[in-house]
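A.B. asks: would you be able to build a 3D model of this:
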Amino acid sequence: MTQQRISYVALEAMDEKMRIEMHRCAEEGTPRPESSAIRAHVKDCFWFFADSWNKIFRNGILDHSIKELCRVYVSRSVICEFCGNQRSIKGADQGLQETHYDDLINFEKSTQYNERQKAALAYAEAIVWRLDTDDTYWKRMHQHFNEPELVELGCAIGLTLGQQSWLRLLNIEHHQVLAGTNASMAPGTESASALAKTKSSPDYWAKNPAKPKAN
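C.D. replies: Just a heads-up that it's a prediction; the model follows:
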């Protein structure tokens, strides 16, 4: 088993407000409690992410389901297995199904997404892979989103890109903190044994790394 690089903070070492948020993570997910238990080493880091994620990702002015697609696009791009094996419950309530996650890397050619969703994913693609953009690209963005929406989506993508790029280094795994819940876990990852079986499959998504769009 790969060694974990930063330890989890025990629930007993957290204050009451932090413990409440940890239980919310276990019951609702995105994020699951393990990543929050890492950030708990520094209380300001814990609340920086929890508060920002609540305001920008789970809530805000833009459709949550679009932000959720972009979140998992980032996971598939940077190969953050911890984040990529989660699914937003709120996203499912807004109509996202597992098939919507299947074509994320090849979104432009997919029939799974509407034009607004494809534009959002093109925004995530340009940010993640540092692509050059031109007037045609920005005409497309402004056709589907107003400026406040572009700001919120850009901040959400930037936040998840930074956190996922960091978390993938730490070798943390699900079902290790407040174990026993499966909230927001992707199909086939609902328990430790199911997750291990899924990750051993040759078709497991992380074994097929994404590649940047050719310029």
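
A.B. asks: point out where this structure drops to low pLDDT.
C.D. replies: 1, 212-215 (pLDDT under 70).

A.B. asks: just the helices in it please.
C.D. replies: Along the chain, the stretches classed as helices by DSSP state H are 16-28, 33-39, 43-52, 64-78, 81-84, 89-93, 115-129, 135-144, 147-167, 192-200.

A.B. asks: and the first one, what does it pack onto?
C.D. replies: Helices and strands touching helix 16-28, as assessed by 3 or more Cβ pairs under 8 Å, 6 or more residues apart in numbering; DSSP states H and E, comprise helix 33-39, helix 43-52. Just so you know, the C-beta spots here come from the backbone N, C-alpha and C atoms, and that holds for glycine as well.

A.B. asks: which strands and helices sit next to the first one?
C.D. replies: Helices and strands touching helix 33-39, as assessed by 3+ Cβ pairs under 8 Å, 6+ apart, comprise helix 16-28, helix 43-52, helix 81-84, helix 147-167.

A.B. asks: chain center to it: distance?
C.D. replies: Once both centres are worked out by Cα atoms, centre = their mean, to the nearest Å, helix 33-39 turns out to sit 14 Å from its chain's centre.

A.B. asks: what residues of it count as buried?
C.D. replies: Judged by neighbour count (16 or more other Cβ atoms under 10 Å), helix 33-39 contains these buried residues: P33, E34, S35, S36, A37, I38, R39.

A.B. asks: contacting residues around the residue nearest the centre of the chain?
C.D. replies: Taking Cα atoms, centre = their mean as the criterion, R71 is the residue nearest the geometric centre of the chain, at 3.8 Å. Residues touching R71, when contacts are defined by Cβ atoms under 8 Å, 6 or more residues apart in numbering, comprise T30, F57, C83, S88, A156, T160.

A.B. asks: follow-up on the earlier one: how about the helices and strands packed on helix 33-39, which one is nearest A10?
C.D. replies: Proximity of these to A10 was assessed by Cβ to Cβ; the nearest stretch is helix 16-28, lying at 10.4 Å.

A.B. asks: buried residues in the closest one, which are they?
C.D. replies: Of the residues in helix 16-28, those with enough neighbours to count as buried (16+ other Cβ under 10 Å) are M18, E21, M22, R24, C25, A26, E28.

A.B. asks: next one: stretch 89-106
C.D. replies: Residues of stretch 89-106 classed as buried: I89, K90, G91, L96, H100, Y101, L104, I105 (neighbour count, 16+ other Cβ under 10 Å).

A.B. asks: what residue in the protein is the furthest from its centre?
C.D. replies: When each C-alpha in the chain is compared with the mean C-alpha position (Cα atoms, centre = their mean), D135 comes out farthest, at 28.9 Å.

A.B. asks: output the helices of the chain in CSV, with distance to L178 appended to each entry.
C.D. replies: Shown next, in CSV, are the helices of the chain (distance: least, Cβ to Cβ, whole Å):
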stretch, distance to L178
helix 16-28, 4
helix 33-39, 5
helix 43-52, 15
helix 64-78, 21
helix 81-84, 15
helix 89-93, 16
helix 115-129, 30
helix 135-144, 38
helix 147-167, 17
helix 192-200, 13
